[in-house]
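J.: Give me a model of this one.
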Amino acid sequence: MDKQLVISLKTIILTLLMLLGAYVVYKLGPIIGILLLATLVVIAMEQLVNYFMKKILFNKRVSRGLAVLISYSLLVLIILAVLTFIVPPLVVELQKMVIGLPAMISSIEIPEEWQVSMLDVLPETSEISVGVLNVTVSFFSNLAMFLSVLVIAIYMSLDWDNIKKGFISLFPKNLEYTVEDTIAEIEKNLGLWIKGQLLLMLIIGVTTFVGLSILGVRYSVGLGLLAGIFEAIPNVGPVLSAIVAGLIGFSDSPIKGIGVVSLFVVIQQLENNFIVPKIMGKVSGFRPLIILLALLIGAKFFGVIGALCAIPAAMVVSTILKKFLGYGE
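T.: Okay, here's the model as predicted:
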């Protein structure tokens, strides 16, 4: 009887502790989220940091501190360049497209039996501008979170070797090598994915701009920038940019619209069969459903930053599952 009572008390205490832990995690959710995002940034930047650490400066190897400073300075410069030179013209082009969208849709020749449904849709197009405004406000509201993630990531990068050693030491001796190998593979895969993704975005953006300019499609600059940015959303992004460009093309003439659709089909085929295999190598992607779920979950919990980090986070989880559970083998 006493033994049963002791077991019951232990169970109650353990349950209470678990509930308390869950409550603390819930309350500290935003902070934990920032730490997880910062860790993701650190892992993604590690290859670049290691690259600079191999360089010689004044007859000495570059220290980790200097390598981290150079790497994150480049990251900040790239972000500032995007915000300065890419975002403003993209916003202007999008505003023009949104304002002219009802006229574009009404100018498209459609069968008479479809016209009622199209007219029902037209009043709702004004809501697109409200959506764009909400996205913009959401983006700037995440600025403080982004700065917090960046600062924490810099401090973590400076002490990343010790953090990894401490994390690995938490596991049993027989698993330490597997954990270390998993971390190294995650760093490698994320580094390759980011480099490949940036190059893909540049190629697709420039190719789209050139193709649309040749076809004489309006807003070719904005559409090219949009296609490049949407390339960061595998499978879903190219379809969205093709729909927007096709709508503008068909508003001018059916022939131009068909030309736009054909252009995006050709670009997509070249991307899938030649560009992606050449650039991304063995950094495998995910099925569209997995990508969509990852984007929705990331955006729900962490807003714009979460959406941007959704695919890399999915890659980390996938690598861990493959290593420890043999998933996908």
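J.: which residues does Phe52 contact?
T.: Phe52 makes contact with 62, 66-67, 70-71, according to CB atoms under 8 Å, 6 or more residues apart in numbering. C-beta coordinates here come from the backbone N, C-alpha and C atoms, glycine included.
J.: between those, which has the most around it?
T.: Among the contacts of Phe52, the one with the most neighbours (other CB atoms under 10 Å) is Ala67, at 23 neighbours.
J.: on that earlier part again, keep only those of the contacts of Phe52 that are in helices.
T.: Per DSSP state H, helices hold the following members of those: 66-67, 70-71.
J.: and which of the residues you listed is nearest to Val206?
T.: Val206 has its nearest neighbour among the ones in helices among the contacts of Phe52 in Ser71, at 25.7 Å by CB to CB.
J.: Please produce CSV containing the ones in helices among the contacts of Phe52, extended by distance to Phe250 and pLDDT.
T.: As requested, the ones in helices among the contacts of Phe52 are arranged in CSV below (distance: CB to CB, whole Å; pLDDT from 0 to 100):
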residue, distance to Phe250, pLDDT
Leu66, 54, 91
Ala67, 51, 92
Ile70, 48, 92
Ser71, 45, 91
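J.: Closest one of those to Ala314?
T.: Within the ones in helices among the contacts of Phe52, distances to Ala314 taken as CB to CB reach their minimum at Ser71, with 23.7 Å.
J.: from what I can see the closest one touches Glu46, true?
T.: No: using CB atoms under 8 Å, Ser71 is not in contact with Glu46, being 9.0 Å away.
J.: Can you pull the residues that touch both of the two?
T.: Contact criterion CB under 8 Å, 6+ apart; residues bridging Ser71 and Glu46 by contacting each: Ser157.
J.: Can you list the low-confidence ranges for the stretch 1-150 of the chain?
T.: 1-8, 25-26, 29, 86-87, 89-90, 93-98, 100-142 (pLDDT under 70).
J.: just the strands in it please.
T.: In chain order, the stretch 1-150 of the chain shows strands spanning 56-57, 60-61, with DSSP state E, counting those that start in this stretch as the criterion.
J.: picking that back up, okay if I get the contacts of Phe52 as a markdown table plus distance to Leu143?
T.: Output for these, formatted as a markdown table (distance: CB to CB, whole Å):
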| residue | distance to Leu143 |
| --- | --- |
| Val62 | 31 |
| Leu66 | 27 |
| Ala67 | 27 |
| Ile70 | 24 |
| Ser71 | 21 |
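J.: Max pairwise distance over those residues: which two?
T.: The widest separation within the contacts of Phe52, taken as CB to CB, falls between Val62 and Ser71 and amounts to 10.5 Å.
J.: At which residues are the helices of the chain located?
T.: Taking DSSP H as the criterion, the chain carries its helices at 2-27, 29-53, 64-81, 87-107, 115-121, 126-141, 143-158, 160-168, 173-215, 220-230, 236-252, 254-270, 276-280, 288-325.
J.: The second one vs helix 160-168, what angle?
T.: It refers to helix 29-53. Regarding helix 29-53 and helix 160-168, their directions subtend 130 degrees when assessed with axes from the mean of the first three to the mean of the last three CA atoms, to 10 degrees.
J.: Quick check: nearest residue in space to Phe171, chain neighbours excluded?
T.: Using CB to CB, 6 or more residues apart in numbering and skipping residues adjacent in sequence, the residue nearest Phe171 is Val179, 5.2 Å away.
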